[in-house]
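K.L.:
Fold the following.
(one chain, ligands or ions: 1)
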Amino acid sequence: MSESKNDLMDKLVSLCKRRGFIFQSSEIYGGINGFWDYGPLGVELKRNIKAAWWEDVVRRRDDIVGLDASIIMNPRVWEASGHVGGFSDPMVDCTECKARFRADRAFTVLAAAGETEIVSGGAEAETEAVAREVVAAGASSKIRRRIEQKADEITWTIFRSDQTPEGKTAMCPTCRGSLTPPRLFNLMFETHVGAMQDSTSVAYLRPETAQGIFADYKNVLDSSRLKVPFGIAQIGKAFRNEINPRNYTFRSREFEQMEIEFFCHPSEADTWYEHWRDARFQWYIDHGLTSSKLRLRDHEKDELAHYAAACADVEYEFPFGLSELEGIANRTDYDLSRHQEYSGKDLTYFDDETKERFIPYVIEPSGGVDRATLAFLCEAYTEDEAPDDKGQMKTRVVMKLHPRFAPIKVAVFPLVKKEGMPEVARGIYEQVRDAGLAAFYDEKGAVGRRYRRQDEAGTPFCVTVDGQTLEDQTVTIRDRDTLDQTRIKADEVLTFVREKLG
Ligand code: GAP
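P.N.:
Next up, the predicted model:
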């Protein structure tokens with residue numbers, strides 16, 4: 001990661017803590033790796049993202065309904081879905097320091113000039129090239145000089161710990177101890193249901209919300225008038241005991257998903273797949289992720305899960321690299337067929353018109369709420385120049401969040417805390433708040449500082465009541481992004497903001 005990208009991530013993490021977007025979970029006890037809390041601004045941002053998704057995919061469509069399934073389900077669900085047998089990563093353990101790594105991420109790097117070994121070590125990395133850089137960078141300056149001087153003569157041997165060649169030992173990225181051969185580690189969190197804690201009471205925290213939809217597919221169909229093609233949408237928590245939670249909230253152990261399972265006739269699956277792939281990509285662009293940082297990547301055939309006929313990822317260029325926000329997959333009839341087999345219940349669909357009975361195919365757009373939130377935060381973070389209280393241009397930090405997502409839509413300030421200004425400002429604040437728009441009232445400190453606080457919170461509009469308001473009932477309304485200040489009638493603030501928010 002380059003210096004400036006690193007820097008951006010550090011600044012964002014610090015702003016998120018300082019302004020109450022995101023906190024480390026149970027921080028006063030030293031935190032817990034892979035778990036995060038959303039503070040007062042963060043919870044509003046995340047709720048707005050979820051509400052926008054729900055509005056767009058459920059409320060504004062006639063062919064999708066919602067669901068809120070339980071997190072703990074009958075464990076047979078996870079046998080049918082393949083998670084009990086297969087939802088595992090191969091892991092390696094260090095025999096010395098006991099650290100654990102994903103086998104495909106733990107590289108061993110050896111470099112020799114002729115017979116002489118000049119550098120060796122383990123590195124945790126996504127690619128061979130990065131592993132080599134990490135080990136070389138960790139070497140003493142004397143060795144680094146030798147690497148540079150003898151660049152042409154050096155032979156590098158790099159291998160992943162799950163592909164260790166005969167006669168070599170994989171090395172620990174932390175302490176250079178030796179690593180065990182890979183072993184499978186299931187990512188599901190286990191718990192027990194009821195008073196007995198034995199193998200008969202084992203249950204799992206769901207690792208995805210999708211299976212709740214498949215398990216309820218028949219109930220939804222029987223209790224509604226829906227006909228194929230139709231979808232079921234769900235937003236909810238999912239849990240994975242990720243070996244290596246990393247990149248802030250990007251890979252967490254507790255996270256939220258927003259998933260649609262869209263059921264259609266097998267002959268229409270390709271068309272619906274393309275529809276959802278393009279619609280979901282566009283959704284992120286429409287909400288402010290610039291298309292240059294956003295990418296739609298079709299999976300190669302050899303990358304596809306065994307049950308998937310096609311899959312594409314919506315990827316965003318985070319400061320730590322291009323990474324997945326959402327996956328759109330054609331899951332064929334795999335899930336419903338498996339649940340039909342394991343439950344013994346008929347999950348076929350009968351088409352009254354064509355008299356055909358079939359198991360629908362499923363197109364699944366599956367997004368992470370926390371990843372979307374993080375991408376919108378990264379994209380929003382901006383440093384530019386704005387005049388301070390003395391009219392001098394100073395750097396300001398502004399979160400240019402899409403207005404639909406902004407935690408606070410309007411902030412209202414009296415210029416000074418006297419001459420009746422607070423009363424007028426409070427009146428406007430209450431009017432906006434009572435109309436259902438998230439509003440904030442602030443009368444403390446210099447007005448420039450109040451603007452800056454709202455810029456950091458991503459508030460699109462700030463209304464200021466000043467001396468002129470008392471004479472002609474007008475106020476200034478300041479636009480977060482253009483910094484334009486317009487004078488409008490105090491009783492038109494609500495209409496003005498509503499129009500701008502769209
Ligand atoms: N039902 C399909 C499914 O769960 P997935 O690719 O494993 O597919 C879907 O997960 C989305 O859930 C991902 O694109 C990502 O946004 C989010 N997600 C998955 N694991 C996550 C984690 N450990 N932390 C945060 N988000 C995660």
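
K.L.:
What residues does Asp388 make contact with?
P.N.:
Neighbouring residues of Asp388 by CB atoms under 8 Å, 6 or more residues apart in numbering: 394, 448. From N, CA and C alone the C-beta is placed, and that goes for glycine too.

K.L.:
which one is the residue in the stretch 51-200 of the chain positioned nearest to the ligand nearest to, not counting chain neighbours?
P.N.:
Closest contact between the stretch 51-200 of the chain and the ligand, by CB to the nearest ligand atom, is at Leu187 (8.8 Å). Excluding its sequence neighbours, the residue lying closest to Leu187 (CB to CB, 6 or more residues apart in numbering) is Arg240, at 4.7 Å.

K.L.:
Tell me who's in contact with the one you found.
P.N.:
By CB under 8 Å, 6+ apart, Arg240 lies in contact with 187-189, 207, 253, 255.

K.L.:
Which of those residues fall within helices?
P.N.:
The helices, defined by DSSP state H, take in nothing from those.

K.L.:
At the contact with the ligand, which residues of the stretch 151-300 of the chain appear?
P.N.:
Residues of the stretch 151-300 of the chain lying near the ligand by CB under 6 Å from any ligand atom: 208, 210, 240, 242, 251-252, 255, 257, 259.

K.L.:
so how far does stretch 219-234 reach from one end to the other?
P.N.:
End-to-end span of stretch 219-234 (CA to CA, to the nearest Å): 15 Å.

K.L.:
which residues are contacting stretch 28-43?
P.N.:
With CB under 8 Å, 6+ apart as the test, stretch 28-43 has contacts from 16, 19-26, 45-46, 242, 245, 248-249, 251-254, 370, 373, 407-408, 457-458.

K.L.:
Can you report how many residues neighbour the residue of the chain found nearest the ligand?
P.N.:
Nearest to the ligand in the chain, going by CB to the nearest ligand atom, is Gly368, at a distance of 2.3 Å. Residues near Gly368, counting by other CB atoms under 10 Å, number 23.

K.L.:
Flag the shaky bits of the chain, pLDDT-wise.
P.N.:
Along the chain, the model assigns pLDDT under 70 to residues 1-5.

K.L.:
Give me the most central residue, it.
P.N.:
Per CA atoms, centre = their mean, the C-alpha nearest to the average position across the chain is that of Arg371, at 0.8 Å.

K.L.:
domain ranges for this protein?
P.N.:
Domain assignment for the chain, taken from automatic domain parsing, gives 47-86+190-377, 90-185, 408-501.

K.L.:
I'd say Phe159 and Thr169 touch.
P.N.:
No - Phe159 lies out of contact with Thr169 (CB atoms under 8 Å); the separation is 10.4 Å.

K.L.:
shared neighbours, those two?
P.N.:
Common neighbours of Phe159 and Thr169 (CB under 8 Å, 6+ apart) are Thr108.

K.L.:
circling back: report the contact partners of the residue of the stretch 51-200 of the chain closest to the ligand.
P.N.:
87-89, 207, 240-243.

K.L.:
Give the PyMOL command for selecting the buried subset of those residues.
P.N.:
For the buried members of the contacts of Leu187, the matching PyMOL selection, counting by 16 or more other CB atoms under 10 Å, is:
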select buried, resi 87+89+207+240+241+242+243
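
K.L.:
now, the most widely separated pair of the contacts of Leu187?
P.N.:
Greatest spatial distance in the contacts of Leu187: Pro207 and Ile243, 13.6 Å, computed using CB to CB.

K.L.:
picking up where we left off before, tell me the buried residues within the residues of the stretch 151-300 of the chain next to the ligand.
P.N.:
For these, a neighbour count by 16+ other CB under 10 Å gives the buried set as 208, 210, 240, 242, 251-252, 255, 257, 259.

K.L.:
Mind putting the contacts of Leu187 into a markdown table with secondary structure?
P.N.:
What follows is the contacts of Leu187, written out as a markdown table (DSSP: H, G, I helix; E, B strand; the rest coil):
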| residue | secondary structure |
| --- | --- |
| Phe87 | coil |
| Ser88 | strand |
| Asp89 | strand |
| Pro207 | coil |
| Arg240 | coil |
| Asn241 | coil |
| Glu242 | coil |
| Ile243 | coil |
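
K.L.:
where's Asp62 relative to Ser140, distance?
P.N.:
Remark: distance between Asp62 and Ser140 (CB to CB, to the nearest Å) = 67 Å.

K.L.:
Tell me where the stretch 51-200 of the chain has helices.
P.N.:
Per DSSP state H, counting those that start in this stretch, the stretch 51-200 of the chain carries helices over the ranges 76-80, 83-86, 128-138, 141-149.

K.L.:
The third one - contacts with which helices or strands?
P.N.:
Using 3 or more CB pairs under 8 Å, 6 or more residues apart in numbering; DSSP states H and E as the contact criterion, the neighbours of helix 128-138 among helices and strands are strand 106-113, strand 116-124, helix 141-149, strand 154-160.

K.L.:
Against which helices or strands is the last one packed?
P.N.:
Using 3+ CB pairs under 8 Å, 6+ apart, the elements in contact with strand 154-160 are strand 106-113, helix 128-138.

K.L.:
Out of these, which one sits most buried?
P.N.:
strand 106-113 (a mean of 22; mean count of other CB atoms under 10 Å).

K.L.:
ok, and what's touching the helix of greatest length in the chain?
P.N.:
The residue-count maximum for a helix in the chain (DSSP H) belongs to helix 269-286. Helix 269-286 has contacts (CB under 8 Å, 6+ apart) with 53, 56, 229, 260, 262, 264, 291, 294, 296, 309-310, 312, 314, 316, 325-326, 328, 330, 332, 361, 363, 365, 367, 372, 375.

K.L.:
List the buried residues for it?
P.N.:
By 16+ other CB under 10 Å, the buried positions in helix 269-286 come out as 269, 272-273, 275-277, 280-281, 283-284.

K.L.:
and the two most separated of these?
P.N.:
Ala269 and Tyr284 (23.3 Å).

K.L.:
ok, back up a step: look at Phe159 and Thr169 and report which has more neighbours.
P.N.:
Phe159 (18 against 11).

K.L.:
who touches the more buried one in this structure?
P.N.:
Counting by CB under 8 Å, 6+ apart, Phe159 makes contact with 107-108, 165, 168, 170.

K.L.:
Beta-bridge partners for the residue lying closest to Arg433 once chain neighbours are set aside, please?
P.N.:
Counting by CB to CB, 6+ apart, Arg433 lies nearest to Ala439, which is 4.3 Å off, once chain neighbours are set aside. Here Ala439 sits in beta bridges with Val410, going by DSSP bridges.

K.L.:
hmm, stretch 93-105 touching the ligand?
P.N.:
No - Stretch 93-105 stays clear of the ligand (CB under 6 Å from any ligand atom), getting no nearer than 12.6 Å.

K.L.:
Give me the buried positions along that stretch.
P.N.:
Within stretch 93-105, the residues that qualify as buried by neighbour count (16+ other CB under 10 Å) are 93-94, 99, 101-105.

K.L.:
what residues does that stretch touch?
P.N.:
Contacts for stretch 93-105 (CB under 8 Å, 6+ apart): 89-92, 124-126, 160-162, 172-175, 177-180, 182-183, 185, 243-244.

K.L.:
Next: stretch 424-433.
P.N.:
By CB under 8 Å, 6+ apart, stretch 424-433 touches 409-410, 412-414, 439-441, 443, 463, 465, 469-470, 475, 490, 493-494, 497.

K.L.:
Type out the PyMOL command that picks the buried ones from the residues you listed.
P.N.:
Here is the PyMOL command that selects only those of those that count as buried (16+ other CB under 10 Å):
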select buried, resi 409+410+412+413+414+439+440+441+443+463+465+469+475+490+493+494+497
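
K.L.:
Which of the contacts of stretch 424-433 fall within helices?
P.N.:
Using DSSP H, the contacts of stretch 424-433 in helices are 469-470, 493-494, 497.
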